[in-house]
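Colleague: Give me coordinates for this.
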Amino acid sequence: MVCLRSFLEEHEGECVLFGDWNVVCEASERFGCVYNQEASSVFNSFIHDLGLVELPLEGRRFTWVNKTASKMSHLDHILTTNDYGPLLSKFFNSWLLNEEFDGVVRQGWSKDEELFFDKLKALKLKINTWAIERRRVANENKNLITGKIKEIDDKIDEMVVDENDLLERKDLCAQLDYIKKLEDMDMIQKSRIKWDVEGDENSKFFQALLKQKGQSMQSMSKFERDGNLVSPPTLSPTVTFSELENTWLEHSILEEEIREAVWDCGSSKASGPNDFSFSFIKDY
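Modeller: A predicted model of the protein is given here:
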């Protein structure tokens with residue numbers, strides 16, 4: 001850690017440090033283990049003195065567990081020189097259909113901030129705040145519309161409905177269908193994100209079978225061919241590139257190439273479950 005501190009103090013620029021640090025920040029990150037307060041103080045001073053920010057990890061509370069689960073520790077940490085701001089709860093493509101969203105993005109992309117990460121932080125915060133309010137308003141409108149439709153349906157049952165009521169009911173049903181369409185879009189996106197993150201039981205089962213089969217094939221020292229035991233061939237593939245190919249592989253990536261790679265990605269996809277979708281990136 002001393003060498004790493006010296007390196008960071010001697011060099012400028014942004015960096016991300018991650019891995020198993022074999023140390024915790026506080027006693028609550030240990031269970032069934034001896035807590036070394038001195039080591040934690042050194043690690044916390046390292047983070048504070050260099051102005052680092054620890055990014056939150058998702059998933060289980062502890063990152064190391066012994067075989068009997070009697071000892072557990074949170075030893076993995078991701079440290080960065082930049083605060084990337086709050087994560088989006090999730091970015092839904094249905095937001096792009098909302099007429100207010102463009103104004104939210106323009107307001108959130110602060111002109112006061114000079115650094116890109118600071119702009120992104122302000123934008124995420126603005127979108128999160130708007131999304132919470134939008135969800136509240138949408139639920140209120142849905143309940144209001146549903147209540148009005150029920151009132152008109154009661155009039156229909158009592159045979160006291162007029163033409164204006166029927167026209168209003170048609171308009172209310174169209175509004176309700178649009179709200180449900182947006183909800184369905186969000187549900188589909190949520191299910192895809194969950195499947196991408198967790199997979200499903202079938203895929204895990206077959207992956208385990210393939211892994212077991214691969215291990216058994218690797219452990220096979222000899223096999224039978226024409227009644228004789230022979231050793232499998234030893235494969236040592238080598239790949240060579242010409243000077244021109246090496247030059248092409250090592251050339252600087254152009255902005256046009258990055259744009260082409262992004263535009264080739266599916267619009268409903270994202271670089272992570274809590275990141276902006278490629279549809280948002282393409283629009284803005």
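Colleague: I'd like the next helix or strand past the helix or strand hosting residue 5.
Modeller: Following DSSP states H and E, one finds residue 5 within helix 2-10. Sequence-wise, the next helix or strand downstream of helix 2-10 (DSSP H and E) is strand 16-20.
Colleague: Tell me which strands that next one pairs with, and in which orientation.
Modeller: Neighbouring strands of strand 16-20 in its sheet, by DSSP bridges, are strand 76-80 (antiparallel).
Colleague: contacts for the partner strand?
Modeller: Contact with strand 76-80 is made by 14-21, 25, 47, 52-55, 57, 63-64, as judged by C-beta atoms under 8 Å, 6 or more residues apart in numbering. Where C-beta positions appear, they are placed from N, C-alpha and C, glycine not excepted.
Colleague: just stretch 39-47 next, same as before
Modeller: Contacts for stretch 39-47 (C-beta under 8 Å, 6+ apart): 1, 5, 21, 23-27, 52, 54, 79.
Colleague: Got a quick ChimeraX command for the buried subset of those residues?
Modeller: The ChimeraX command for the buried members of these (criterion: 16 or more other C-beta atoms under 10 Å) is given here:
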select :21,23,24,52,79
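Colleague: Which of the contacts of stretch 39-47 sits closest to residue 254?
Modeller: Of all these, residue 79 has the smallest distance to residue 254: 31.5 Å, by C-beta to C-beta.
Colleague: Show me what that closest one is bridged to.
Modeller: Under the criterion used (DSSP bridges), residue 79 bridges to residue 17, residue 54.
Colleague: could you point out which element follows the helix or strand encompassing residue 127?
Modeller: Per DSSP H and E: residue 127 is located in helix 116-157. Scanning forward in sequence from helix 116-157 by DSSP H and E, the next helix or strand is helix 163-198.
Colleague: Any buried residues in that following helix, and which?
Modeller: By neighbour count with 16+ other C-beta under 10 Å, helix 163-198 contains the buried residues 165, 169, 172, 176, 179, 182, 185-186, 189, 193.
Colleague: How about stretch 22-38?
Modeller: Result for stretch 22-38 [16+ other C-beta under 10 Å]: buried residues 23-24, 29-31.
Colleague: Which of those sits closest to residue 248?
Modeller: Residue 248 has its nearest neighbour among those in residue 23, at 43.7 Å by C-beta to C-beta.
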